[in-house]
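> Fold the following, please.
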Amino acid sequence: MGFCSEDDCRQFLAIMPFFEKALTDSGIILLKYWLEIDMAEQERRLKNRIADPRKIWKLSPMDIESYHRWYDYSQARDDMLAATDTSWAPWFVADSNDKRTARLNIIRHLLAQIPYRHLPAPDVSFPPRDKAGDYREPERSCRMVDDYYGTQAQRAAAQEDGEAV
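Residues are numbered from 1 along each chain as shown. Here you go, the predicted model:
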């Protein structure tokens, strides 16, 4: 794709594990995820982008090129994973053919990687509300944002359209 030369790429892949080691040695929890889709899913998503006027804006020349060069991209991915998958900064590969399932699996995995300390719950109590005094709630004259997702039926309709809920 011309983003960098072969030498630049080799140098980057050689240096990256040392950079990531410095990050993790300083206490940073470094989590790297590769969201894997198969050829059929890539094609399905690209065709959906083309067919849906709400999604066509997402389509880029890179998408078409990545479709065309599937095997080149796969080799580059394999090389990158091999060069930068280390014990201190491993790659985690997530099957992402189903976006929702992938997101949930990654969230769960990510949260499991973070060491948590139990913190005691603070004792919270609310004071009595102050008196209204002269305050009166005005009639709304503002322009309100339409509530598209406030009801179960609307959420179900959005899911049928493939929108994130």
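> buried ones in the biggest helix by length in the chain?
Secondary structure of the chain per DSSP state H: the longest helix is helix 6-25. Applying a neighbour-count criterion of 16 or more other Cβ atoms under 10 Å, one finds residue 20 buried in helix 6-25. C-beta: built from backbone N, CA, C; applies to glycine.
> what's in contact with it?
Outside helix 6-25, the residues that touch it by Cβ atoms under 8 Å, 6 or more residues apart in numbering are 4, 30, 79-80, 83-84, 86, 88-89.
> ok, which pair from those is furthest apart?
4 and 88 (24.9 Å; Cβ to Cβ).
> show me where the chain has helices.
Going by DSSP H, the chain shows helices at 6-25, 39-51, 61-68, 70-84, 99-113, 152-160.
> circling back to that earlier point, export the contacts of helix 6-25 to CSV and append columns for neighbour count.
Shown next, in CSV, are those (neighbours: other Cβ atoms under 10 Å):
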residue, neighbour count
4, 11
30, 14
79, 13
80, 16
83, 15
84, 19
86, 16
88, 12
89, 19
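> which one of those sits closest to residue 38?
Distance to residue 38, by Cβ to Cβ, is smallest for residue 80 among these, at 18.4 Å.
> any idea how far the residue nearest the centre of the chain lies from residue 11?
Residue closest to the average C-alpha location in the chain (Cα atoms, centre = their mean): residue 103, at 7.0 Å. According to Cβ to Cβ, to the nearest Å, residue 103 stands 34 Å off from residue 11.
> same deal with residue 146?
For residue 146, the distance to residue 11 - Cβ to Cβ - is 52 Å.
> And residue 55, by the same measure?
To residue 11, residue 55 is 37 Å away according to Cβ to Cβ.
> repeat for residue 4
Computed as Cβ to Cβ, the residue 4 to residue 11 distance reads 9 Å.
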